[in-house]
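J.: got a sequence here, can you model it:
(2 chains)
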2 protein chains.
Amino acid sequence: MQLKLSKMITKPDFQGEFTASILAAAASPDIISFAGGLPNPVSFPIPEMEAATKKVLETNGVIALQYSSTAGWPALRQWIAKRYETMGVYGVKPEDIIVTNGSQQALAMVGAAMLDAGDEIVVENPTYLVALQSFHVYDPKVLPVTMNKDGIDCDELEATLKAHPGVKFAYVIPNFQNPTGLSYSKAVRDRAAEIFKAAGVLVLEDNPYRELRFAGTAAESFGAALGEQCCMLGTFSKIVTPGMRIGWICVRNAELREKLLNFKATADLHTNIFSQMILAQYLADNDVDAHIEKTKVLYKQKAEFMMDCMRKYLPEGVEFTPTEGGMFLWVTLPEGVTAVDLYRKGLEKGVAICPGDPFYEYERGVRTFRMNYSNSTDEAIEKGVRILGEACRELM
Amino acid sequence: MQLKLSKMITKPDFQGEFTASILAAAASPDIISFAGGLPNPVSFPIPEMEAATKKVLETNGVIALQYSSTAGWPALRQWIAKRYETMGVYGVKPEDIIVTNGSQQALAMVGAAMLDAGDEIVVENPTYLVALQSFHVYDPKVLPVTMNKDGIDCDELEATLKAHPGVKFAYVIPNFQNPTGLSYSKAVRDRAAEIFKAAGVLVLEDNPYRELRFAGTAAESFGAALGEQCCMLGTFSKIVTPGMRIGWICVRNAELREKLLNFKATADLHTNIFSQMILAQYLADNDVDAHIEKTKVLYKQKAEFMMDCMRKYLPEGVEFTPTEGGMFLWVTLPEGVTAVDLYRKGLEKGVAICPGDPFYEYERGVRTFRMNYSNSTDEAIEKGVRILGEACRELM
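T.: Next up is the predicted model:
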């Protein structure tokens, strides 16, 4: 047999290959790894899920195990719609929500529904690498716009959208962005919303970390200012469990919503209804805010401890951006040292980081890297950062 | 905002639109519906799932709720690999299995990995309509080959593959095909395997109903004769639960497997691990064959009862193909009456069928339709078939 693969699947995939090699190396049990992005298991409500499962199976077992609708379980869609009020977005209806296999599937769905080869999209630079990968499937021209400490660079955004009036959508992560951990200030959010409105460009707002703010105040969602011009992605992965793969997309434009539902029907018919019902039961029977609070207390402590260690162990010239939430810190090496150099040197010494390269569409050999703090012990954080400091000194 | 959708999503979707209208009409509680394809809830092991969930959460709760691997849960992949021995396919390794969101996702993954616009694929005529839809995403040229009472028409298959040497894959459902309920005989299976081998064409074998044989003997899987030239799709939807959306694809070609895994990683990272672990626990702690036996006893009774009713109530000239398993019967109306005519007339009288049209790539206004027997009471079957008989008489 001669295997005849598609052009799409045989294209080079820098993001995929780079991170596969990083994560494979980081998976060794002898390595202290800050390379991944796992939530801390403190955020998993295990006995509560057991109680919710029992209740769902005993009261609605047949529905939980039967085929179901592509849009998702009504009670869960209702909870999600209501939750938007806590983000300053009012009037979201349960019908606006499509439950997806993690918000990752929502990214893939929007790519499919919007992109033809050569179409232009705007992303933050750097941005979430698997979002880049799922858009790359459709071969778009990616226009990255610089991410500053207070959010996307508005001058650059405005100029980009003026120079490229055909842009299909802009993908943004306004809170504790992956990889940088940075958030949009209110001023940047307001100006960016005006720019998007003037350009009439669809905004795809990804917000997996928003609920994990342990300091400062969040700017409102773009959905508040932009209405149906903004699709809002969300997920239970960082606040309840990633294992169930339950995310969503809020789409208030009826035409786009219908197309996304059609595509999802051919992709997998519907999202696991058993887990959707268990999650909805869990949310009905428990105080999820109290639960999130526990996670935030832990992450705040971990973040502050890692920042303290960085101030203590990293040599002068290595900078990082303090964060107020989420799961990541973003570090910049001085001129002359690349993150891949540090990754290699660190690995020799038993510590893994995630070099910034795959988070950029074009730049390679960058000096930035991502550090995850949510899933390491304090001992590992202190030891790991100390070793990284040594590695930096050897390279500088 | 001007919404700028992709060409792919704005293409006409005959299959999707046709079945959406059918299923919407059939969903009314006043309608006796044979139009859908739901398993009978007798196949849902509710208390056993509750016990399995408790065990998984109490022993491995953190793993069940954390991120997991794209390929799937090892214990589940191991069970699936071993299961192939009962189908006469030996040597399948757990590493060959990718766990998917229902076998539907596996169809979408193969489409993505194999198809560029204009590429040729072979399907049975008629075939599973959502498979057609998921291939249509990639705009292939579909070459349908007649489905006879004993399986695919081998002469036509051979001629088609000779005339079209570039065919990317052939999609076949050798047992209780959806929609026809027909199976390949051993002779047809053997000859088709030789034809596929000679042509070097990848075979995509879908087998959701194979375990539901209540009479006769199954021909071996194409995987036995064709080795890595055959990808085998499977699902737990018809034997345990569709609600968990757990299917798989067995891919023994390492290059294709790697590409499918890469694509799945961008599509949704991985399949719900909570449900994968519960299902694996259920399979370890229960006799699934005894469970399937219960389902088969029920389906045999339902199928025979529906066939009896058809013999009794349908007028002469209306033919159906007796089945030995699965969930469907396939009916052919006499010349001059279309299935859509009967669908409309039936609906007026309170009975829904699924006209054959969307199962064909090209034919419209066909005289064939699909009847589902797995999910109706005997009373509904008798009343519904009697009414359909009247409707036929009025049209003939």
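
J.: any part of stretch A:216-235 near chain B?
T.: Yes. Applying Cβ under 8 Å from any Cβ of the partner chain, one finds stretch A:216-235 touching chain B at A:Glu228, A:Gln229. C-beta here means a position set from N, CA and C on the backbone, and glycine is covered the same way.

J.: cool, and stretch A:193-209?
T.: Yes. Judged by Cβ under 8 Å from any Cβ, stretch A:193-209 comes into contact with chain B through A:Gly200, A:Val201, A:Leu202.

J.: which residues sit in contact with the first one?
T.: With Cβ atoms under 8 Å, 6 or more residues apart in numbering or on different chains as the criterion, the residues that contact A:Gly200 are A:Gln229, B:Met1, B:Gln2.

J.: so which of the residues you listed is the most crowded?
T.: Top of the contacts of A:Gly200 by neighbour number is A:Gln229, holding 21 neighbours under the definition other Cβ atoms under 10 Å in any protein chain shown.

J.: pLDDT at the residue nearest to that one when sequence neighbours are not counted, what is it?
T.: The shortest distance from A:Gln229 to any non-neighbouring residue, by Cβ to Cβ, 6 or more residues apart in numbering or on different chains, is to B:Met1 (4.4 Å). In this model, B:Met1 is scored at 82, pLDDT.

J.: what does the stretch 251-396 of chain A put close to chain B?
T.: Going by Cβ under 8 Å from any Cβ, the residues of the stretch 251-396 of chain A near chain B are A:253, A:255-256, A:259, A:262-263, A:265-275.

J.: of those residues, select the buried ones using a PyMOL command.
T.: Selecting only the buried entries of these in PyMOL, with 16 or more other Cβ atoms under 10 Å in any protein chain shown as the criterion:
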select buried, chain A and resi 253+256+259+262+263+265+266+267+268+269+270+271+272+273+274+275
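
J.: looking at the residues of the stretch 251-396 of chain A next to chain B, which are in helices?
T.: A:Glu255, A:Leu256, A:Lys259, A:Asn262, A:Phe263, A:Ala265, A:Thr266, A:Ala267, A:Asp268, A:Ile273, A:Phe274, A:Ser275 (DSSP state H).

J.: now the angle from the worst-scoring helix or strand of chain A on mean pLDDT to helix B:254-268?
T.: Using mean pLDDT, DSSP states H and E, helix A:14-26 stands out as the lowest-scoring helix or strand of chain A, at a mean of 85. Here the directions of helix A:14-26 and helix B:254-268 differ by 100 degrees (axes from the mean of the first three to the mean of the last three Cα atoms, to 10 degrees).

J.: who does helix A:14-26 touch, helix- and strand-wise?
T.: Other helices and strands packing on helix A:14-26, by 3 or more Cβ pairs under 8 Å, 6 or more residues apart in numbering or on different chains; DSSP states H and E, are helix A:129-136, strand A:351-352, strand A:354-355, helix B:254-268.

J.: chain A: strands as residue ranges?
T.: In chain A, the strands defined using DSSP state E lie at A:32-33, A:97-101, A:120-125, A:141-148, A:151-152, A:169-172, A:202-206, A:230-235, A:246-250, A:319-321, A:328-332, A:351-352, A:354-355, A:368-372.

J.: fine by me, we can end here.
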